[in-house]
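> Test case, fold it:
(one chain, ligands or ions: 1)
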Amino acid sequence: MPVNILFSARPKLWPVYEPLLSRGLQDAGLEFHLATDITPEDVDYIVYAPTGGLTDFTPYSRLKAVLSMWAGVETIAGNPTLKVPLARMVDDGLAQGMTEWVVGHVLRYHLGMDTHITKQDGTWAQIAPPLASERNVCILGLGALGEAAARALVTLGFNVTGWSRTRKDIAGVTCLSGADGLQQALAQAEILVLLLPDTAATTNILNADTLALLPEGARIVNPGRGPLIDDDALLDALNSGRIGHATLDVFRVEPLPVHHPYWAHPKVTVTPHIASETRPATAAQVICDNIRRGEADEPFLHLVDRELGY
Ligand code: NAP
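Numbers count the residues shown, from 1 in each chain. Sure thing, here's the model as predicted:
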C-alpha cells in the first residue's frame with residue numbers, strides 16, 4: 001500500500017514542491033501517493049503550512065505525523081485536534097538566509113550606514129565606525145537560526161552574547177540562560193537580535209522593564225515573531241530616545257496595517273516578513289527524510305515540544 005501524503009500549503013507552492021518531494025520520496029525507496037486532496041481517513045502524513053488553511057485534524061484518523069514547512073509553529077503547536085507528532089522545519093537554506101539577513105542589519109547599525117545613505121547633504125563628518133571587536137551584539141534565542149547567526153557574527157569579530165532557555169556552548173559566544181542571564185545579556189546589548197519562538201513564555205519578553213535594561217541608544221532587530229515585543233513600550237522607548245532604532249520583520253498582525261505607527265516612525269525600519277524563508281530544495285529533503293524515518297520506525301527529527309510550544 002502506498003504512503004499517502006497530503007500537501008497542505010499555499011497552492012502556488014505545489015508546483016515547486018511536487019517534483020522535489022516526489023524525487024526525494026523515490027530516492028528514499030518509498031511507494032507513495034502525494035497530492036493536495038486525499039480523503040482524510042487515508043492520509044499518513046501532512047506536509048503543512050498554516051497558509052493551507054487546515055485547522056481541524058480530527059478526520060485524519062490514521063495520521064502518523066504533521067511535517068511543518070515553517071520553522072515557527074505557534075499557530076499549530078497548541079492545536080488540540082492534533083494528536084500525532086509535529087515536526088518543524090529546520091532547513092540549512094532557511095538558516096543561511098536568516099544569517100545573511102541578520103548580519104546585514106547588524107552591519108548596517110554597526111557601521112552607521114544610514115548616516116551616509118540617507119544624508120547626502122554636503123556634511124564632511126569623518127566619524128569612522130569602531131571595529132566589530134568593539135561592538136556588543138546580543139541574540140535572544142540560540143536555536144537553529146540564532147546559533148547560525150551568532151557563529152557568523154563571531155566570525156566577523158563581534159562580541160556576541162546569546163541567551164536561551166537551556167544554556168548552550170558555542171565557540172566564541174558568551175552563552176547565558178535564566179532570568180539573571182537575560183538581565184546580563186540585555187545590559188550589554190548595543191545591538192539586540194530577537195530569534196525566539198512565539199510562545200506563552202516569550203510573549204512581550206521585550207517590554208518596558210527589559211527595554212530599560214538595554215544600553216542607551218541600543219538598536220533592535222526582530223526577525224523572530226511580533227508578539228516578542230510590547231509595541232507600545234517599544235514606541236515609548238524610541239520616542240524618548242532610550243532606544244536608537246528598530247528593524248522589525250515580524251508583527252502581531254501581518255501584513256502590518258497601513259496606519260500602524262511603525263510605518264511612519266523615523267526610527268523604525270519595517271520589512272515585510274522576508275528575513276528568511278524555507279528553501280524548497282533543502283526543505284523537501286528534510287521532509288522526505290522524516291517520512292522515510294516514520295516508515296522505518298526511526299524517531300522523527302525536529303519534533304516540536306507541544307508543552308513548550310516550539
Ligand atoms: P529553535 O531552533 O526552536 O530555537 C529557539 C531558541 O529560542 C532556542 O535556543 C530556545 O532555547 C530559545 N527559547 C525558546 N523559549 C525560550 C524561553 N522561554 N526563554 C529563553 N529561550 C527560549 O527555532 P529557530 O529555528 O531558531 O527559529 C526561531 C524563530 O525564528 C522561529 O520560531 C520563528 O518564529 C522565527 N522565524 C522567522 C523567520 C522570518 O522570516 N522572519 C523565518 C524563520 C523563522 P533552547 O535552545 O534552550 O530550547
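
> What residues does this protein have near the ligand?
Listed as neighbours of the ligand in the chain under the rule Cβ under 6 Å from any ligand atom: 71-72, 94, 141-146, 164-166, 195-199, 201-202, 223-225, 249-250, 273, 275-276, 310. Backbone N, C-alpha and C define where each C-beta goes, glycine included.

> Which of these are buried? Put it as a ChimeraX command.
In ChimeraX, this line selects whichever of the residues of the chain next to the ligand come out buried by 16 or more other Cβ atoms under 10 Å:
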select :71,72,94,141,142,143,144,145,146,164,165,195,196,197,198,199,202,223,224,225,249,250,273,275,276,310
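
> Take the residues of the chain next to the ligand and keep only those in helices.
Those of those mapping onto helices are Leu94, Ala144, Leu145, Gly146, per DSSP state H.

> got a list of what the last one touches?
By Cβ atoms under 8 Å, 6 or more residues apart in numbering, the contact set of Gly146 is Ile139, Leu140, Gly162, Ser164, Val193, Leu195, Leu196.

> Now with 6 Å, please.
By Cβ atoms under 6 Å, 6 or more residues apart in numbering, the contact set of Gly146 is Ile139, Leu195.

> How about Ala87?
Leu67, Asn290, Phe300, His302, Leu303.

> Distance of the closest residue to the ligand within the stretch 51-200 of the chain relative to Ala200?
Taking Cβ to the nearest ligand atom as the measure, the stretch 51-200 of the chain has Gly143 as its residue closest to the ligand, at 1.7 Å. Applying Cβ to Cβ, to the nearest Å, the value for Gly143 to Ala200 is 17 Å.

> Run a quick neighbour tally on Thr282.
17 (other Cβ atoms under 10 Å).

> Equivalent analysis for the one 3 residues further on, please.
If you count neighbours by other Cβ under 10 Å, Gln285 ends up with 19.

> mind listing the helices in the protein by residue range?
Ranges of helices in the chain, per DSSP H, are 14-27, 92-111, 113-118, 144-155, 178-187, 208-211, 231-240, 261-264, 280-295.

> I'd like these laid out as JSON lines, including mean pLDDT.
Shown next, in JSON lines, are those (pLDDT from 0 to 100):
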{"stretch": "helix 14-27", "mean pLDDT": "98"}
{"stretch": "helix 92-111", "mean pLDDT": "98"}
{"stretch": "helix 113-118", "mean pLDDT": "89"}
{"stretch": "helix 144-155", "mean pLDDT": "98"}
{"stretch": "helix 178-187", "mean pLDDT": "98"}
{"stretch": "helix 208-211", "mean pLDDT": "98"}
{"stretch": "helix 231-240", "mean pLDDT": "98"}
{"stretch": "helix 261-264", "mean pLDDT": "98"}
{"stretch": "helix 280-295", "mean pLDDT": "98"}
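
> got a list of what Leu194 touches?
Leu194 touches Leu140, Asn222, Gly224, Leu228, counting by Cβ under 6 Å, 6+ apart.

> How about the second one: what's its closest non-neighbour residue?
It stands for Asn222. Nearest-residue entry for Asn222: Leu194, 4.4 Å, with adjacent residues in sequence omitted and distances by Cβ to Cβ, 6 or more residues apart in numbering.

> what does the third one give?
Using Cβ to Cβ, 6+ apart and skipping residues adjacent in sequence, the residue nearest Gly224 is Leu194, 4.1 Å away.
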